[in-house]
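Novice: okay, predicted coordinates and the sequence, questions at the end:
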Amino acid sequence: PIAIPTSLFAKAGASFTPSPVIATTVSRHHMYGLPFSLLWPFARGGAFYSDTIHYSQSLEVLCRRFPLTLIGSPVQLDNLPDNLDWPTLKNRLTAVFSAGAPLPKNAADTCRDKLIAVIEIYGSTETGAVAWRDQTIDPAWQCLPGISVRAGENELTVVSPCLETPGITTIADRAELISTDRFHLLGRADRIAKVGGKRISLTDVEGRLLTHPWVVAARATLLEERKSRIGVVVVLSSEGRSVLINSDRNSINRLLSKHISPGMEPVAIPRYWRYVGRLPLNAQGKITTPLLNSLFIPEQQPRLPEVLEEQISDPPTTRNLFLRVPDNLFYFSGHFPGNPVLPGVVQLAWAIHFGTNYITPPGEVQRVERLKFQHIIQPGNVLNLTLAWETESHRLTFSFRSGDVQHSSGRI
C-alpha cells in the first residue's frame, strides 16, 4: 500500500508536485487514511499534519502556513461551507484525494472550479487501492499499475500483485468493463434479504423507487428488530418535499408503495418509511446498515452531537468545542420530514449539557436571557460551541457558529 500513491502519479501523469505537508480529514484507523495520510509521507520522507482536520475552517489556517495535499472524503468535500477563503485554498492546495464512496458529480465540479480537481480512489479494505479517476475529465475508473479487473455476473473481480496468492479477489460492486484496466461502476451488487420466507432484492426495491420523479435517493434495509420487515430511507426532490409538507406522510407512503408494487412480492413492499434531507453518512462518508436502521429505532438514535475537538482557553472558565451533528439524531424525527432542522430547544439543552459538564459548578437553571436563533442547523453540520462562565454573576453564555455563520446564542 505504501507504493500505491507514488505509482498513481506516475501512471496518471499528474501535473502537481507533492506538497511538503499532507493533511487528512479521515481517520488513520482506516485502509484509506492509513496508507495515504501516514504511510505515504513516511515512505517519501515528507511531513504530515498530525491532527485529523474535523472542520473546514482549519484548512484556511493550515494553508496560510504551508502548501497542503489534502486526504479527504465525499462527506466533507460535498459539504464545504460557502464562506471559506477560496482564493487562499486554491493557491495552496496542491492535490485533493477522496475515497470511501463515489464523490457526487456536483461536488466534484465545485471543487474543480473553486479549488482543484479531486482525484478519487476506488478500493476496499481487502484489496487496498485499486483504481483512480478525475470524473470532471472522465467518469471511468483507471486501474493502478499492475492491477486489472474482470466483470463477473454480480461482482467485480480484482487481480492484483498486492493480494495474497493467487492474487485474485472480488468486491461486492457491479461494473461495466471498458478494458481490463478501465471500467464504470454500476452500484453495489444485489443485496438479498430473507423476508417472510422469500428472497427479496433490496437493490431492486431501491431501483424501483428511483424511477419515481419525486425520489432523488433511496436506501432499503432489513429491520430485524421490526419482525424482519423492510424499511426504506428516502431523499425527496423539491417537488416531493412540497407534497410531503402539504399533505401527510402516509399519503406519500401509499403513493410510492403503489408505484413500486407491480410485479413485486407483497412482503417486498417497504413497511417502514423515513424521509431525510440526505442519506445518513458516517465519518468516512459511507452509508452503513446500523446507521440506516437506527433511523427506525428511537432507542438507537443519538441525543447529543459528536465531540470532535476541545480547546481550553485562558482563563479556564471558557471552552471551545467542535461538534458534529449526527445525520440520525433523534431530534430530527418529525422536525421536519424531508428537511430536518435542529430545534432551538435542543440547542439550548446542548449548551446547558456541555456547560455543566465542562466549566460550571453544580446548580439549576433559573432563567434564559438574550436568546437568539439566526441560522438553522442541519444534519452533518460541524459547529463551534463557545462557552464562557461568569463566576460572580453565575451566568453561562453560549454561541453556536459554523465559521462566520452565527446559528444561535444566549445567556443562561
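Specialist: Received, thanks.
Novice: beta partners of the spatially closest residue to A268 that is not a sequence neighbour?
Specialist: Leaving aside its sequence neighbours, A268 sits nearest to I200 (C-beta to C-beta, 6 or more residues apart in numbering; 4.5 Å). In this view, the C-beta of every residue, glycine as well, is placed from N, C-alpha and C. Beta-bridge pairing of I200 under DSSP bridges involves A193.
Novice: tell me, how many residues neighbour I200?
Specialist: By other C-beta atoms under 10 Å, 21 other residues sit near I200.
Novice: is it true that it touches I192?
Specialist: Yes - taking contacts as C-beta atoms under 8 Å, I200 lies within contact range of I192: 7.0 Å.
Novice: picking up where we left off before, and the residue nearest to A268, how far from A189?
Specialist: 15 Å (C-beta to C-beta, to the nearest Å).
Novice: quick one: pLDDT of the residue nearest to A268?
Specialist: We have a pLDDT of 89 for I200.
Novice: so how far is P361 from it?
Specialist: In terms of C-beta to C-beta, I200 sits 56 Å off from P361.
Novice: residues contacting L89?
Specialist: Listed by C-beta atoms under 8 Å, 6 or more residues apart in numbering, the contact set of L89 reads L59, E60, C63, K114, L115.
Novice: repeat that with 6 Å
Specialist: C63, L115 (C-beta atoms under 6 Å, 6 or more residues apart in numbering).
Novice: which residue, other than its chain neighbours, is closest to S27?
Specialist: G33 (5.2 Å).
Novice: next up, phi/psi of the one you found, please.
Specialist: phi -70, psi -40 (degrees, to the nearest 10).
Novice: distance-wise, check it relative to W350.
Specialist: Distance of G33 to W350, given as C-beta to C-beta: 29 Å.
Novice: cool, and D113?
Specialist: On the measure of C-beta to C-beta, D113 and W350 end up 35 Å apart.
Novice: tell me which of these two has more neighbours.
Specialist: Legend: neighbour count by other C-beta under 10 Å for D113 and W350, higher for W350 (23 against 12).
Novice: and the next helix or strand past the lengthiest helix in the chain?
Specialist: Ranked by residue count under DSSP state H, the longest helix found in the chain is helix 344-358. Sequence order places strand 369-373 as the next helix or strand after helix 344-358, per DSSP states H and E.
Novice: quick one: contacts of the helix or strand F322 falls within?
Specialist: For F322, the host element (DSSP H and E) is strand 318-324. With C-beta under 6 Å, 6+ apart as the test, strand 318-324 has contacts from 54-55, 305-306, 308-311, 358-359, 382-388.
Novice: which ChimeraX command selects the buried ones in those?
Specialist: Applying 16 or more other C-beta atoms under 10 Å to those leaves a buried subset, and the ChimeraX line that selects it is:
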select :54,55,305,308,309,358,359,382,383,384,385,386,387,388
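Novice: just the ones of the contacts of strand 318-324 in strands?
Specialist: Among the contacts of strand 318-324, the ones falling in strands (DSSP state E) are E306, L308, E309, E310, Q311, V382, L383, N384, L385, T386, L387, A388.
Novice: CSV for the residues you listed, including pLDDT and distance to E265?
Specialist: CSV is the format used below for the ones in strands among the contacts of strand 318-324 (pLDDT from 0 to 100; distance: C-beta to C-beta, whole Å):
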residue, pLDDT, distance to E265
E306, 87, 39
L308, 81, 44
E309, 80, 49
E310, 82, 51
Q311, 77, 55
V382, 85, 42
L383, 92, 44
N384, 92, 50
L385, 95, 49
T386, 94, 54
L387, 95, 54
A388, 94, 59
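Novice: pLDDT score for the closest residue to T110 other than its chain neighbours?
Specialist: Excluding the flanking residues, the one nearest T110 by C-beta to C-beta, 6+ apart is L80, at 7.4 Å. You'll see L80 listed with a pLDDT of 81.
Novice: and L80, how close does it get to Q378?
Specialist: Distance from L80 to Q378, by C-beta to C-beta: 15 Å.
Novice: got it, and I116?
Specialist: 27 Å.
Novice: tell me which helix or strand of the chain sits lowest on mean pLDDT?
Specialist: Ranked by mean pLDDT, DSSP states H and E, the weakest helix or strand in the chain is helix 4-12, scoring a mean of 47.
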